[in-house]
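Peer 1: Can you look at this prediction? I've put the sequence above it.
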Amino acid sequence: MEQRHVLVADDEPHIGRIIKMKLEQGPFRVTLAYDGQEAIDVARRCIPDVIVMDIQMPRKTGIEAVQELRADPIFAATPIIALTTHIRSFVPAEVMRVGFDEVLSKPFDFGQVYQVIDALLQRVK
């Protein structure tokens, strides 16, 4: 199976490392970023196949980062998944309207994370 590149952006380093470890047990190569601005910079350097991004991060929020990425034609079709501990604070339809493809709440089930990533990657093949 082809190894796909995932960018994981989360300002909580332990969350990023756990996601990286779990995804790398499957067919994924993972790069980490720790705030919204770093996520944009890293994405532009490595052009990931999918991005998993926390919504509430310093420097730029996930919402600001996804809007900036979506403004770049390179990332127009890149699947971007929002992660949030504050699912009640964000209406999934509104989060998706700003540019996310899917919203997952923390704590999350890795089976669900794999399913969502796989389904989104199938759509953009």
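Peer 2: Cool, got the structure.

Peer 1: rest of the way, CA atoms for contacts and neighbours
Peer 2: OK.

Peer 1: where does the chain have low pLDDT?
Peer 2: Residue ranges of the chain with pLDDT under 70: 1, 86-96, 125.

Peer 1: What ranges does it have for its helices?
Peer 2: Here the chain has its helices, by DSSP state H, at 13-24, 36-46, 62-70, 92-97, 110-123.

Peer 1: okay if I get the ones you listed as JSON lines plus mean neighbour count and distance to Gln56?
Peer 2: Shown next, in JSON lines, are the helices of the chain (neighbours: other Cα atoms under 10 Å; distance: least, Cα to Cα, whole Å):
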{"stretch": "helix 13-24", "mean neighbour count": "16", "distance to Gln56": "13"}
{"stretch": "helix 36-46", "mean neighbour count": "18", "distance to Gln56": "9"}
{"stretch": "helix 62-70", "mean neighbour count": "21", "distance to Gln56": "6"}
{"stretch": "helix 92-97", "mean neighbour count": "14", "distance to Gln56": "12"}
{"stretch": "helix 110-123", "mean neighbour count": "13", "distance to Gln56": "19"}
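
Peer 1: Which one, of those, ends up nearest to His5?
Peer 2: Among these, helix 36-46 comes nearest to His5, with 8.6 Å by Cα to Cα.

Peer 1: Tell me which residues are up against that closest one.
Peer 2: 7-9, 32-33, 57-62, 64-65, 68-69 (Cα atoms under 8 Å, 6 or more residues apart in numbering).

Peer 1: Throw the helices of the chain into a markdown table and include distance to Ile80, thanks.
Peer 2: Formatted as a markdown table, the helices of the chain follow (distance: least, Cα to Cα, whole Å):
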| stretch | distance to Ile80 |
| --- | --- |
| helix 13-24 | 15 |
| helix 36-46 | 11 |
| helix 62-70 | 8 |
| helix 92-97 | 9 |
| helix 110-123 | 9 |
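
Peer 1: Point to the residue nearest the middle of the protein.
Peer 2: Nearest to the geometric centre of the chain sits Val52, at 1.3 Å (Cα atoms, centre = their mean).
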